[in-house]
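1. A predicted structure for the sequence below; I have some questions about it.
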Amino acid sequence: MTHVDPKAVLEGRVPGRPPLGMILGMTVSGVCVLIALGLTAALGGAGFWV
């Protein structure tokens, strides 16, 4: 018998899957980091490579 998380069932989400807010938050954070690194590389080149 497989283990089913009752809280996940009551919230209407698939058991074992992270919440949608966490997925969106990690995606937005990743995009912000990529933008920051891109701007740093483009505008402050020498400091970025060191």
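-> Great, that's in hand. Keep in mind that this is a model prediction, so the values were computed, not measured.

2. the nearest residue to V14 once chain neighbours are set aside: neighbour count?
-> Using C-beta to C-beta, 6 or more residues apart in numbering and skipping the chain neighbours, the partner closest in space to V14 is A8 (7.0 Å). Quick note: C-beta positions are derived from backbone N, CA and C, even for glycine. Residues lying near A8 (other C-beta atoms under 10 Å) number 14.

3. roughly how far does A8 sit from T40?
-> 40 Å (C-beta to C-beta, to the nearest Å).

4. got any ranges where the protein has weak pLDDT?
-> 1-2, 15, 45-50 (pLDDT under 70).

5. 80 instead?
-> 1-9, 11-17, 44-50 (pLDDT under 80).

6. what is the top helix by length along it packed up against?
-> Longest helix in the chain, counting residues (DSSP state H): helix 20-43. If contacts are counted by 3 or more C-beta pairs under 8 Å, 6 or more residues apart in numbering; DSSP states H and E, helix 20-43 sits against helix 45-49.
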